[in-house]
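> I would like the atomic coordinates for the input below:
(chains A and B)
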Amino acid sequence: MTDPALPALVALLLPAGAFLLLAVVAPLRRSGRPAAYLSVLFAAGALAAAIASLRVTSTSGGYSAWLWPWIPTEAGPLTSVGVLADGDSALMLVLVALVSFLVQMYSLGYLSDEPAPSLGRYYTYQSLFAFSMMGLVLAPNFVQLFIFWELVGLCSYLLIGYWYPRPEAARAAVKAFWITKAGDVGFLIGIVLLWRQAGTFDFLELLNMTDTGVMPLAGLGVITFCIYLGASGKSAQFPFHVWLPDAMEGPTPVSALIHAATMVTAGVYLLTRTVWLFRLTPDVMQVIAWNGAFTALLAAVLACVQTDIKRVLAYSTVSQLGYMMAAIGAGFASAGFLHLLTHGIFKALLFLGAGAVIHAVGTNDIFQMGGLGRKMPQTAIVFVVGTLSLAGMPFFGGFFSKEEILGATLAGGFPGPFAMLLLGAFLTAFYMFRVVFITFAGAPADAHGHEQHHAHDAPLSMALPLWILAVLSVGLGVLFAFWHPKAEFEELGWLTPSAVLVALAGIALAYLVYQRRVISADALARAFAPIRAAALRRFWLDDLFAFVYRGVMLTLSRLVGWIDRYLVDGILNVLSAWTLMAGDRLRHLQSGRAQDYVYGIALGVLLLMLWTRWPR
Amino acid sequence: MPLSAYLTLAAVLFAIGFFGVMTRRNTVGILLGIELMLNAVNINLVAFARYNADIVGMIFTAFTIPITVVEVALGLAIVILMFRMRRTVVADHLDILKG
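Numbering: from 1, shown residues only, chains lettered A, B, ... in the order given. Predicted coordinates:
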């Protein structure tokens, strides 16, 4: 096999087939377990196909595009559908297929208590998501990308609201949908403007135009900024990040798949894919870098005050997405993309580990856990592996890619964002080890009649994905320690020690505060009281969004409603009243007497004669 | 006699018939008025047939006379039925189609 597009297409169509089977054949869907096995089987097939595609692209190094023309117009087809398999998309495809397969397997154990129809629904959505995400990854043009972009958004909505009888879940689903849509409007405008400017949606043609320098530059900044709006909505960049922590209302495997490893990285992936376009607009790149670094720092601060284990991880995801964006904005998209891949692995691992803990103790609150390391040693080990990867320790997954990002911002000439990211790295190590020490080490929390007394490690279907991801995290870390992709910029010698030192300082602080309790957590809280108070209120951003949506939008809709009810309807009501009144008056012309009608006829004939015979 | 004499006769007859239709309060009277108008038309047809030496007008009249007879029979039957149901044949009182 020499064409990477063929296995990529197979990988794309397998989950689509699973979704169609489950969606159309209702008895199969309602059967629960068989539906789940079918979905997992198809996901495994997709993973195999994705790996086959990656093998071809990594050996040949080229790309392959299979396109079918779509939307015929008089001047030829407007766009096309198909797959564009190259190095980046094949790598991303493997990540999506891998995490999606592992998460589906994990869900077998995690959702084992769900009723059968509900489980079938879950796997239907999962298959749809896998299909949509792969379609997004392989999209050869902006139109297909946008369609799948919206499809993954829909899947996210459906899966966040999976437990829809709970009002928080339903609210979170709607919130996620609304806020990402706000960014997507910008994205759509950007795509249409780009089409007007360049006359095509196709990535390859656009790249060709950029390379040959025929891309018109006037107004391009607006276009790339609009596209960045869409990316920042999806990838939870400030100020659109508010939906991601709330999205944790969904089942934990969903958070691992959609809100950590794949969907939220779609924005980063989009920018990686079209970075040549963004390079033409340095102003927008500046915005991306600064906003990315700011998001990374803001979310890291927010993560430090959370008590819900999943929310800590959610803010951590926002923060890491900020890192990736900062690297792209600094002009080194490959660094951001590398971090996307490693982050996808270890963050999925962390979420699945958190899911195992939640599954065992039945709560999300870290202060109701404690001392779980002895009861669930396997989970503790893999969670610590994930944490070390996230903190950027040497020989763990996130080490090389994170350092690469720090180097990229410095090499791109952004010392400000570099400082923010370095501080963010310190906070990352601190808040992650805060969770580790509180949850797994220390004394068991004296919970009143809690079920954590018989907490134990997860069953095999849940443990196996955890171990696979943990091995991959360490494997990637070791691999990059000895062989790593050559950086696009000159590496600085002092960067590695300082990055490791900063992370170690964060770990040490967490150790001293939450393990040895040398420094009182209360004293720390008092020292940072204003920031802590602001962070607990989430820097009022959620309030701001609530105000915008509830205050401004509702006022506007009330106004529009008033206009519709009293102005538009009023005009129509007056018209209809007049019509009725006129009819009522004219009714009396119908006397019912035959002779009156004869008069009418005679008069009519007379008028007709006058009209035709009148001398002109 | 010149054609105009016949036409004048027909016009006078039509006017009388029309006047009857307009003014009679009795439904039978209205029917009579209609008959007069029809016959005025017949006179016109015959007069023009003679004047143009064209037999078609006469044939036409030969058809209209029996049809008129049938029409009168039908009209009178309706009047009788109306009288049975409403106990009146005065046109002004027959206004159940009033709007």
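> Please work out the average pLDDT along the helix or strand hosting A:Leu91.
Using DSSP states H and E, A:Leu91 falls within helix A:87-110. Over the span of helix A:87-110, the pLDDT mean works out to 91.
> For that helix, enumerate the helices and strands it packs against.
Under the contact definition 3 or more C-beta pairs under 8 Å, 6 or more residues apart in numbering or on different chains; DSSP states H and E, helix A:87-110 sits against helix A:5-24, helix A:33-60, helix A:116-138, helix A:252-256, helix A:266-273, helix A:333-361, helix A:460-482. From N, CA and C alone the C-beta is placed, and that goes for glycine too.
> which one of the ones you listed is the most hemmed in?
Across the helices and strands packed on helix A:87-110, averaging neighbours per residue (mean count of other C-beta atoms under 10 Å in any protein chain shown) puts helix A:252-256 on top, at a mean of 29.
> That helix - contacts with which helices or strands?
helix A:87-110, helix A:309-329, helix A:333-361.
> what about it, distance to the chain center?
When C-alpha coordinates are averaged (C-alpha atoms, centre = their mean, to the nearest Å), helix A:252-256 and its chain have centres 12 Å apart.
> tell me the contacts of A:Ala176?
A:Ala176 makes contact with A:156-157, A:160, A:243-244, A:246-247, according to C-beta atoms under 8 Å, 6 or more residues apart in numbering or on different chains.
> For these, which two are the farthest from each other?
Spatially, the most separated pair among the contacts of A:Ala176 is A:Tyr157 and A:Leu244, at 13.3 Å (C-beta to C-beta).
> Tell me which of those two has more neighbours.
A:Leu244 (26 against 21; other C-beta atoms under 10 Å in any protein chain shown).
> Dihedrals phi and psi, the residue positioned nearest the centre of chain A?
Centroid-nearest residue in chain A, with C-alpha atoms, centre = their mean: A:Val264, separated by 2.5 Å. Recorded main-chain torsions at A:Val264 are phi -70, psi -20, according to degrees, to the nearest 10.
> I figured it hits A:Ile258, correct?
Yes: counting by C-beta atoms under 8 Å, A:Val264 touches A:Ile258, with 7.3 Å between them.
> pLDDT wise, what is the closest residue to chain B within the stretch 351-500 of chain A at?
Closest to chain B within the stretch 351-500 of chain A is A:Asn364: 75.3 Å, counting by C-beta to the nearest C-beta. Per-residue pLDDT puts A:Asn364 at 83.
> burial of the closest residue to it other than its chain neighbours, as a residue count?
Ranked by C-beta to C-beta, 6 or more residues apart in numbering or on different chains and with sequence neighbours excluded, the top spatial neighbour of A:Asn364 is A:Asp308, at 4.5 Å. Look at A:Asp308: counted by other C-beta under 10 Å, it has 16 neighbours.
> List the contacts of the residue of the stretch 351-500 of chain A closest to chain B.
A:308-311, A:358.
> give me phi/psi at A:Ala198?
Dihedral angles (degrees, to the nearest 10) for A:Ala198: phi -110, psi -20.
> again, but for the one 3 residues further on
A:Phe201 adopts backbone torsions of phi -100, psi -10, taken as degrees, to the nearest 10.
> So for the lengthiest helix in chain B, what gets flagged as buried?
Determined from DSSP state H, the single longest helix within chain B is helix B:56-86. Neighbour counts over helix B:56-86 (16 or more other C-beta atoms under 10 Å in any protein chain shown) mark B:57, B:61, B:64, B:68, B:75, B:79 as buried.
> quick one: pLDDT of the residue in the stretch 301-450 of chain A positioned nearest to chain B?
Here the stretch 301-450 of chain A gets closest to chain B at one residue, A:Ala314, 73.2 Å apart by C-beta to the nearest C-beta. Listed pLDDT for A:Ala314 reads 92.
> show me the contacts for the residue nearest to A:Asn364.
Neighbours of A:Asp308 in contact, by C-beta under 8 Å, 6+ apart: A:248, A:364-366.
> right, so of the helices and strands packed on helix A:87-110, which gets closest to A:Trp195?
Among the helices and strands packed on helix A:87-110, the nearest to A:Trp195 by C-beta to C-beta is helix A:266-273 (16.2 Å).
> Could you list the low-confidence segments of the chain?
Here I'm looking at chain A. The model of chain A has pLDDT under 70 over residues A:1, A:443-454, A:484-488, A:616.
> Run through the residues of it sitting next to chain B.
Within chain A, the residues that sit near chain B (C-beta under 8 Å from any C-beta of the partner chain) are A:587-595, A:598-599, A:602.
> will you turn these into TSV that also has secondary structure and neighbour count?
As requested, the residues of chain A next to chain B are exported to TSV (DSSP: H, G, I helix; E, B strand; the rest coil; neighbours: other C-beta atoms under 10 Å in any protein chain shown):
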residue	secondary structure	neighbour count
A:Arg587	helix	10
A:His588	helix	9
A:Leu589	helix	9
A:Gln590	coil	13
A:Ser591	coil	16
A:Gly592	coil	13
A:Arg593	coil	16
A:Ala594	helix	15
A:Gln595	helix	16
A:Val598	helix	15
A:Tyr599	helix	12
A:Ala602	helix	13
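> coming back round to it: I'd like the contacts of A:Ala176 as TSV, with secondary structure appended.
TSV is the format used below for the contacts of A:Ala176 (DSSP: H, G, I helix; E, B strand; the rest coil):
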residue	secondary structure
A:Ser156	helix
A:Tyr157	helix
A:Ile160	helix
A:Trp243	helix
A:Leu244	helix
A:Asp246	helix
A:Ala247	helix
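> Quick check: of those, which lies closest to chain B?
Nearest to chain B among the contacts of A:Ala176 is A:Tyr157, at 58.7 Å by C-beta to the nearest C-beta.
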